[in-house]
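Engineer: Give the three-dimensional model of this entry:
(chains A, B, C and D)
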Protein chains: 2
Amino acid sequence: MRVLVVEDERNLAAAVARGLRAEGFAVDVAGDGLTGLDRALYGEYSAIVLDIMLPGRSGYDVLRDLRDRKVWTPVLMLTAKDGEYDIADALDLGADDYLTKPFPFVVLVARLRALVRRGSPERPARLTVADLVLDPAAHRAWRGDTEVPLTAREFALLEHLMRRVGDAVSKSDLLAEVWDENFAGDPNIVEVYIGYLRRKIDAPFGRRSIETVRGVGYRIDAAGG
Amino acid sequence: MRVLVVEDERNLAAAVARGLRAEGFAVDVAGDGLTGLDRALYGEYSAIVLDIMLPGRSGYDVLRDLRDRKVWTPVLMLTAKDGEYDIADALDLGADDYLTKPFPFVVLVARLRALVRRGSPERPARLTVADLVLDPAAHRAWRGDTEVPLTAREFALLEHLMRRVGDAVSKSDLLAEVWDENFAGDPNIVEVYIGYLRRKIDAPFGRRSIETVRGVGYRIDAAGG
DNA sequence: AGCCCCTCTCAGCCGGCTCTCAGGAGCGGC
DNA sequence: GCCGCTCCTGAGAGCCGGCTGAGAGGGGCT
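Structural biologist: Numbering: from 1, shown residues only, chains lettered A, B, ... in the order given. Sure thing, here's the model as predicted:
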């Protein structure tokens, strides 16, 4: 679940990013309209949080550009209370939801989840590979009939692998999309989390669904191991 | 994921090639417009990174030639800042995206990924020669119905030969593209790995798909041996 | 404040992949 | 038949990639 936050107030942006990450989203931040537009065009996001008041190019303009270019990623607009900008215009332009600052963080999360769920109706609500089932909206996972509790990070990693069933997904890909585009830490973290996942969804069930493709990355097989 | 980089500044070309390889792309480099055009015409690329300022034949010309000949591989143009060349012209000619030098490497990667995603929505087909099957995305190989486990190097070598079915591929070509452009070690390594491959995909099945072309290199025949 | 859990770092271990080397086999030329 | 060159192959060393346990840091909840 990848989210782009376009917000120039650094403190707010950082707080939102931190919070969303804790909720299991992968978050990119853009500090102005231009970079925001750029990222939105070339990244693959489940949703975009877009401030209206932005230096350079307003949230309006960014949104219009996006829709003009046939990018239909769900957009949640952020507005200040003063009402200089009209939220109705934004909705006309193709925004999917909005929030007035200041807002409780949990509301943001709830709306985002709703957006993501709505925004891709053609996508099945649940991911299934063999007897592995993932419900991204509910954030729950099952192996057969037994539910398996996963942490946010574990869940994001498993979701990512399951969305690309059959493909060998490179470690750098995983780092970029489950962690952060500019993740600077030890790439070993991926191995660590693969290990956690295996101990939760494989070992107790005598399975082996996550295969290591040495020198390349990891793969979940359609057969399900 | 195969990418062609057409760039005359050797340092930049090498740096880009190295970086992209680390990101999991297979990279070919051409140092001038003519060889660039040649490769683009006869190679099978997911995307092309094309500098505009090139000796011999400019990136413009290369792009025009390509499009004239109905080659629609996504092209990302590189321009220097001075603006002697107009990027609008390039886009008119059928470029898909552009970057102004100098650029952050991550941006290049992101744009390339976006290009590849847009440009080839259907999953890249499997490579098939007789009953030999290779799935580059999944990184798996089969002889008939039985899967054959290959190491990263073996896989790259076989993929390379299969992409040039029927051609005799020279040892130096293989060294440059499967190993490294500036590979310094013993060229005998190719023979060694051909041996490994034969023992995995041929010997157990009583086949002989990799033929030695003495004094030239190796060839996989369309008939499949 | 105290506790717990999640996340991430670090270091050590292990297996096997990659590569080197050298001797032998095969092929072609004379 | 002999010689030279190319290719093949077995053995083995080194190294790298991946796995794991231990533990620190931090945030949230009680």
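Engineer: Mind giving me the packing neighbours of the longest helix anywhere in chain A?
Structural biologist: The residue-count maximum for a helix in chain A (DSSP state H) belongs to helix A:105-119. Helix A:105-119 sits against helix A:10-22, strand A:47-51, strand A:75-79, strand A:97-100, with contacts defined as 3 or more Cβ pairs under 8 Å, 6 or more residues apart in numbering or on different chains; DSSP states H and E. All C-beta atoms are positioned from the backbone trio N, CA, C, and that covers glycine.
Engineer: looking at these, which one has the lowest mean pLDDT?
Structural biologist: Mean pLDDT per stretch puts strand A:97-100 lowest among the helices and strands packed on helix A:105-119, at a mean of 78.
Engineer: on that earlier part again, so for chain B, which of the helices and strands packed on helix A:105-119 sits nearest?
Structural biologist: Of all these, it is strand A:47-51 that lies closest to chain B, at 15.3 Å by Cβ to the nearest Cβ.
Engineer: does any part of the closest one sit near chain B?
Structural biologist: No: residues of strand A:47-51 are not located near chain B by Cβ under 8 Å from any Cβ of the partner chain, the shortest gap being 15.3 Å.
Engineer: what's the following helix or strand after that strand?
Structural biologist: Remark: after strand A:47-51, the chain's next helix or strand is helix A:59-68, criterion DSSP states H and E.
Engineer: Give me the mean pLDDT for that next one.
Structural biologist: Averaging pLDDT along helix A:59-68 yields 80.
Engineer: ok and that helix relative to strand A:75-79, angle-wise?
Structural biologist: Here the directions of helix A:59-68 and strand A:75-79 differ by 170 degrees (axes from the mean of the first three to the mean of the last three Cα atoms, to 10 degrees).
Engineer: Counting neighbours, which bits of helix A:59-68 end up buried?
Structural biologist: A:Gly59, A:Tyr60, A:Asp61, A:Val62, A:Leu63, A:Arg64, A:Asp65, A:Leu66 (16 or more other Cβ atoms under 10 Å in any protein chain shown).
Engineer: follow-up on the earlier one: after the longest helix of chain A comes which helix or strand?
Structural biologist: Next element after helix A:105-119 (DSSP H and E): strand A:127-129.
Engineer: Within the sheet, what are the partner strands of that following strand, with directions?
Structural biologist: strand A:132-135 (antiparallel) (DSSP bridges).
Engineer: Okay, now the sheet partners of the helix or strand immediately after the partner strand in the chain, with direction.
Structural biologist: Next in sequence after strand A:132-135, counting helices and strands by DSSP H and E, comes strand A:140-143. Using DSSP bridges, strand A:140-143 pairs in its sheet with strand A:132-135 (antiparallel), strand A:146-147 (antiparallel).
Engineer: If you tally nearby residues, what's the number for the residue of chain A found nearest chain B?
Structural biologist: Nearest residue of chain A to chain B: A:Gly215, at 3.4 Å (Cβ to the nearest Cβ). Neighbours of A:Gly215 under the rule other Cβ atoms under 10 Å in any protein chain shown: 14.
Engineer: Surely it forms part of a helix?
Structural biologist: No: under DSSP: H, G, I helix; E, B strand; the rest coil, A:Gly215 falls outside any helix and is assigned coil.
Engineer: pLDDT at it, what is it?
Structural biologist: 92.
Engineer: Give me the nearest residue to it, chain neighbours excluded.
Structural biologist: B:Ala152 (3.4 Å; Cβ to Cβ, 6 or more residues apart in numbering or on different chains).
Engineer: What residues does chain A have near DNA strand C?
Structural biologist: Residues of chain A lying close to DNA strand C (Cβ under 7 Å from any atom of the strand) are A:24, A:149, A:151-154, A:179, A:185-186, A:188-189, A:192-193, A:214-215.
Engineer: of all those, which two lie farthest apart?
Structural biologist: Largest separation among the residues of chain A next to DNA strand C by Cβ to Cβ: A:Pro149 and A:Gly215, giving 32.2 Å.
Engineer: how much space between A:Val169 and A:Leu175?
Structural biologist: From A:Val169 over to A:Leu175 the distance is 11 Å, taken as Cβ to Cβ, to the nearest Å.
Engineer: what about those two, which has more around it?
Structural biologist: Neighbours were counted for A:Val169 and for A:Leu175 using other Cβ under 10 Å; A:Val169 has more, 24 against 18.
Engineer: does the more buried one really touch A:Leu161, like I thought?
Structural biologist: Yes: when contacts are counted by Cβ atoms under 8 Å, A:Val169 is listed as touching A:Leu161 (6.1 Å).
Engineer: and for those two, which residues touch both?
Structural biologist: Common neighbours of A:Val169 and A:Leu161 are listed as A:Tyr218, A:Arg219 (criterion: Cβ atoms under 8 Å, 6 or more residues apart in numbering or on different chains).
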